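Chemist: Sequence first, then the predicted structure, then my questions.
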Amino acid sequence: MNFETLSLTHLGEVATLTIISRKGSMGPRFWAEMPQALSQLGAARVLVVRGQELFSAGLDIRASAHDIGAALGNREHFRAQVVPMHAAFEGVAALPIPVIAAVHGWCIGAGLELISACDFRICSAEARFSLPEVRLGIAADLGGLQRLPGIIGQGWTRHLALSAEPITATTAERIGLVTEVLPMPDALFARADALAQHLSSLPAKALEGTKRVLNAELPHIQSMMQAVDWNAAHMSAEVLLAALTGGRK
């Protein structure tokens, strides 16, 4: 399937989803194509999400203005415009495979909400992150306010969301938004590919079970039992033996 705003490629068991719209902007076509692209992952065991000229400038306000503007003042109509957009990022968060966000350049608004739905976030040194929705008179409504506190805590989530001030790659690493900062975009993408290859070598069911436990956010005891039940259903003697003998898991 060909897309206007996205490019999906496969190399072995690693899929790469690149936002190819101008400045990584997210307009109506992006929101329609993202769930379609996720449905095309096939047998991929890892997904890398990246941009082209930069990661993402966020919501394409001009392209979306007519549809959203026509719904202003009507809660049901507004929900009808925005709720389908949730499927794009909820679909990323719900994937049973690890998802790596490789960020270079600006990561703004909806772009930041997208990477908050990913499992790994790494960036290059010139990356910048911003959640500027309050400048537009709105609250971020695509999952960032719900996911970011679990990643960077309430303090930094409120700083980003209420001040609309951007932060640098150095600050992003310090607060835990990203776990690695690479010097240049080329080094970033090489690291993302190497990490993806490593993840693809790990037991797929173990990765899926770990994600399910982390995503469920159950009370402590229930969460532990969820992990126990998953292991009881999916633990493989073959995988265990391969791990013990140094073979591929």
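Modeler: That came in fine, so what should we check first? Numbers count the residues shown, from 1 in each chain.
Chemist: Mean confidence (pLDDT) on stretch 19-33, please.
Modeler: For stretch 19-33, mean pLDDT is 95.
Chemist: Need the contact partners of that stretch.
Modeler: 3-7, 49-60, 63-64, 67, 84-85, 87-88, 106, 110-111 (CB atoms under 8 Å, 6 or more residues apart in numbering). Where you see a C-beta, it was placed from the backbone N, CA and C, and this is true even at glycine.
Chemist: Among those residues, name the ones in strands.
Modeler: The strands, defined by DSSP state E, take in Leu6, Ser7, Val49, Arg50, Gly51, Gly58, Leu59, Trp106 from these.
Chemist: Buried subset of the contacts of stretch 19-33 as a ChimeraX selection?
Modeler: Filtering these down to the buried ones (16 or more other CB atoms under 10 Å) takes a single ChimeraX command:
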select :3,5,6,49,50,51,52,54,55,56,57,58,59,60,64,85,88,106,110,111
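Chemist: who does the stretch of helix or strand Phe129 belongs to pair up with?
Modeler: Taking DSSP states H and E as the definition, Phe129 sits inside strand 128-130. The strands beside strand 128-130 in its sheet (DSSP bridges) come out as strand 106-108 (parallel), strand 167-168 (antiparallel).
Chemist: So what does the closest residue to Gly51 other than its chain neighbours have for phi and psi?
Modeler: Closest residue to Gly51 apart from its sequence neighbours, by CB to CB, 6 or more residues apart in numbering: Gly24 at 4.3 Å. Backbone torsions for Gly24, taken as degrees, to the nearest 10, come to phi 60, psi 30.
Chemist: and if you look at the one 5 residues further on?
Modeler: Taking degrees, to the nearest 10, you get phi -70, psi -40 for the backbone angles of Arg29.
Chemist: burial of it, as a residue count?
Modeler: By the measure other CB atoms under 10 Å, the count of residues near Arg29 is 15.
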